[in-house]
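K.L.:
Following is a predicted model, sequence given first.
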Amino acid sequence: MTPMVQTDAVKRVGEQGNRVSETPNSMDHDIAVPGGQSSMIDPFGRMVSYLRVSVTDRCDFRCVYCMAEDMTFLPKRDLLTLEELDRLCTAFIKKGVRKLRLTGGEPLVRRNVMWLIEALSRHLQSGALEELTLTTNGSQLGRHAQALHDFGVRRINVSIDTLDAEKFHDITRWGNLDKVLDGIKAAQAAGLHVKINMVALKSVNENEIEDMMRWCHGEGMDLTLIETMPLGEIEGDRTDQYLPLSQVRANLLERYTLKDIPYKTGGPARYVEVAETGGRLGFITPMTHNFCESCNRVRLTCTGTLYMCLGKDDAADLRSALRASESNEPLNSAIDEAIGRKPKGHDFIIDRDHKGPAVSRHMSVTGG
Ligand code: SAM
Ligand code: SF4
């Protein structure tokens, strides 16, 4: 683990005015050993070791499959402070979380988010956390890439659905492709491994998948394709956007040699190696192949709500437990109780008879 570099970011303050070095660490002892007594094991024997945290529901883009153009965001007073997010994440790490992904909304638009990343980096240094990473739209990477690397982040996912600037603007409504591409260059220059996420959209970018794959592999990046999921109300009909990845794979097989490989990053993607490019291609197929049997993750929103499954409405309010006491006892009990309710799986359907969303919240609330 690279030692934390003391940059100007050290002087950044959290919302309560704490410097990072002043973050309460007294609750950090007794970090759990994976599989140990305090590990989170759900009723189906799956160990929860991966926490995805949506640090904000806000975003500087309005991707057509993710948000409506006119979104109502949460009032700021409902959000957990950065200190509270740190305390919650630390409680999960003590319970055996080994991989933590910050997401959103757009995580890098949350004010002072680098304070949180620096605070969490102490768990990388102690070895309690294996990986701290984030999923971003890349718009703010140019200014944050170096600090991310300094705080121990080594891999990031950047979402790009097209390399055509005009189409990029159409899909994201507000995005600028050049800025994102510059952000990716800055991330690579800082030493971050970048994986590209591309949502496969029928008649929108399905003809670009091959070009995207060649570009990613040429730049030393993996590419992961994602099926659209029915989350939250958007304008338009999701049946029009839905492109099964089984079909994409079949099309690619006509021109490429795809070899299944056991490569895993802790997420739900299944990877192949593409002989012709020498690169890796991942498929996230919640619709055509339900990946729940090996699900090791839970999702925390920026208001402290824990979702045990992306595709179900059941949730636990951890904010009340967090605020109920300075001791972590109520919080730990609330987490245990929630993990005990983790469902076996979800059952997404997109067809002409199921036009509404499977769950009412948007991906930007739960964190993709
Ligand atoms: N703003 C960041 C970004 O775009 O990478 C992080 C949050 S975003 C919700 C995380 C991922 O979810 C992105 O790769 C995005 O493309 C994907 N996503 C959003 N809505 C989706 C949906 N309805 N179906 C499938 N993927 C979706
Ligand atoms: Fe923002 Fe990411 Fe949703 Fe696009 S996918 S609107 S970038 S949160």
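P.N.:
On my side now, so go ahead. Ligands and ions are numbered 1, 2, ... in the order given.
K.L.:
Helices along the chain, start to end?
P.N.:
Taking DSSP state H, the helices of the chain run over residues 82-94, 113-126, 141-150, 165-172, 177-189, 209-218, 238-241, 245-253, 318-324, 329-339, 363-366.
K.L.:
Show me the one of the ones you listed that comes nearest ligand 1.
P.N.:
Ranking the helices of the chain by their distance to ligand 1 (criterion: CB to the nearest ligand atom) puts helix 363-366 first, at 3.4 Å. Heads up, the C-betas are built off the backbone N, CA and C, glycines and all.
K.L.:
what about stretch 70-81, near ligand 1?
P.N.:
No: contact of stretch 70-81 with ligand 1 is not found when judged by CB under 6 Å from any ligand atom; the minimum separation is 12.4 Å.
K.L.:
Can you give the distance of that stretch from its chain's centre?
P.N.:
The offset between the C-alpha centroid of stretch 70-81 and the centroid of the whole chain comes to 19 Å, using CA atoms, centre = their mean, to the nearest Å.
K.L.:
Show me which positions of it end up buried.
P.N.:
Taking 16 or more other CB atoms under 10 Å as the basis for neighbour counts, the residues of stretch 70-81 that come out buried are L79, L80.
K.L.:
go on, stretch 61-69?
P.N.:
For stretch 61-69, using 16+ other CB under 10 Å, the buried residues are F61, R62, C63, V64, Y65, C66, M67.
K.L.:
If you count contacts, what does the longest strand along the chain end up packed against?
P.N.:
When the chain is parsed with DSSP state E, its longest strand is strand 193-200. When contacts are defined as 3 or more CB pairs under 8 Å, 6 or more residues apart in numbering; DSSP states H and E, strand 193-200 packs onto strand 155-159, helix 177-189, helix 209-218, strand 222-227.
K.L.:
Relative to it, what are the paired strands and their orientations?
P.N.:
Applying DSSP bridges, strand 193-200 is found paired with strand 155-159 (parallel), strand 222-227 (parallel).
K.L.:
Ligand 2: which of those strands is closest?
P.N.:
In terms of CB to the nearest ligand atom, the element of those nearest to ligand 2 is strand 155-159, at 5.8 Å.
K.L.:
what sits up against that closest one?
P.N.:
Outside of strand 155-159, the residues that reach it under the criterion CB atoms under 8 Å, 6 or more residues apart in numbering are 63, 131, 133-138, 141, 148, 180, 183-184, 187, 192-199, 224, 265.
K.L.:
Mind putting the helices and strands packed on strand 193-200 into CSV with mean neighbour count, distance to V109 and mean pLDDT?
P.N.:
What follows is the helices and strands packed on strand 193-200, written out as CSV (neighbours: other CB atoms under 10 Å; distance: least, CB to CB, whole Å; pLDDT from 0 to 100):
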stretch, mean neighbour count, distance to V109, mean pLDDT
strand 155-159, 21, 14, 98
helix 177-189, 18, 13, 98
helix 209-218, 17, 25, 98
strand 222-227, 23, 21, 95
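K.L.:
and of the strands paired with strand 193-200, who's closest to V97?
P.N.:
Set against V97 and scored by CB to CB, the strands paired with strand 193-200 come closest in strand 155-159, at 16.8 Å.
K.L.:
looking only at pLDDT, what's the mean for stretch 47-54?
P.N.:
Over the span of stretch 47-54, the pLDDT mean works out to 95.
K.L.:
got the residues of the stretch 51-200 of the chain near ligand 2?
P.N.:
In this structure, the stretch 51-200 of the chain approaches ligand 2 at residues C59, F61, R62, C63, C66, M67, G104, G105, E106, N137, S159, T172, judged by CB under 6 Å from any ligand atom.
K.L.:
out of those, which touch ligand 1?
P.N.:
Under the cut-off given by CB under 6 Å from any ligand atom, ligand 1 has C59, C66, G104, E106, N137, S159 from those close to it.
K.L.:
low-confidence ranges in the stretch 201-350 of the chain?
P.N.:
Regions of the stretch 201-350 of the chain meeting the criterion pLDDT under 70 cover residues 231-239, 288-291, 347-350.
K.L.:
May I see the buried residues of the longest strand of the chain?
P.N.:
By neighbour count, with 16+ other CB under 10 Å as the criterion, the buried positions of strand 193-200 are V194, K195, I196, N197, M198, V199, A200.
K.L.:
just stretch 274-290 next, same as before
P.N.:
For stretch 274-290, the buried set under the neighbour-count rule, 16+ other CB under 10 Å, comprises V274, T277, G279, R280, L281, G282, F283, I284, T285, P286, M287.
K.L.:
Can you name the residues bridging to the first one?
P.N.:
Yep, that's V274 we're talking about. Under DSSP bridges, the residues paired with V274 across the bridge are L258, G279.
K.L.:
Go ahead and confirm it touches H217.
P.N.:
Yes: V274 lies in contact with H217 (CB atoms under 8 Å); the separation is 6.8 Å.
K.L.:
Kind regards, and thank you for your time.
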